[in-house]
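1. need a 3D model of the following:
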Amino acid sequence: MSSWDTFLEGDLRSLLNEWDPIGVADDVQDEYDCMLAPLLQQLRSGAGRSEIGEFLRHELEDHFGLDPLGPGPDAVAARVVDWWTSAGPAEELSPT
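-> Predicted coordinates for the structure are as follows:
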């Protein structure tokens, strides 16, 4: 994994921990790491807010057993896509 990938994962982890839909991020910093690789893959493939929101809803319901409409997956999807847009695609910005 490149240092750029590590940087992206760290930023994305921070966004997911701020969201903290199950309320454990203060104690378990890597609770949402299961979503990092799939989210980065989707973002690299050009996924937008609706696709990211659907992924987050699916994870909330199927993986964490939560109501997918409760903790705001659409708002987080918007933040994730905005973050990705401002960070730029990893392939263009990674050091050679």
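
2. for this structure, give me the ranges with low pLDDT.
-> Scanning the chain for pLDDT under 70 picks out 1-4, 68-71, 88-96.

3. now do 90
-> For the chain, the stretches with pLDDT under 90 are 1-7, 65-72, 87-96.

4. tell me where it has helices.
-> Assigned by DSSP state H, the chain shows helices spanning 3-19, 36-44, 49-58, 73-87, 90-93.

5. how about the CA coordinates for the first one, as PDB?
-> In PDB, the C-alpha atoms belonging to helix 3-19 read as follows (Å, rounded to 0.1, in the frame of the first residue of the first chain):
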ATOM      1  CA  SER A   3       1.700   6.300   1.500                       C
ATOM      2  CA  TRP A   4      -1.000   8.000  -0.500                       C
ATOM      3  CA  ASP A   5      -3.400   5.100   0.100                       C
ATOM      4  CA  THR A   6      -2.600   5.200   3.800                       C
ATOM      5  CA  PHE A   7      -3.300   8.900   3.800                       C
ATOM      6  CA  LEU A   8      -6.700   8.400   2.000                       C
ATOM      7  CA  GLU A   9      -7.600   5.600   4.400                       C
ATOM      8  CA  GLY A  10      -6.800   7.800   7.400                       C
ATOM      9  CA  ASP A  11      -8.900  10.600   6.100                       C
ATOM     10  CA  LEU A  12     -11.800   8.300   5.300                       C
ATOM     11  CA  ARG A  13     -11.500   6.600   8.700                       C
ATOM     12  CA  SER A  14     -11.800  10.000  10.300                       C
ATOM     13  CA  LEU A  15     -15.000  10.800   8.400                       C
ATOM     14  CA  LEU A  16     -16.500   7.500   9.300                       C
ATOM     15  CA  ASN A  17     -15.500   7.900  13.000                       C
ATOM     16  CA  GLU A  18     -17.100  11.400  13.000                       C
ATOM     17  CA  TRP A  19     -20.300   9.800  11.800                       C
END
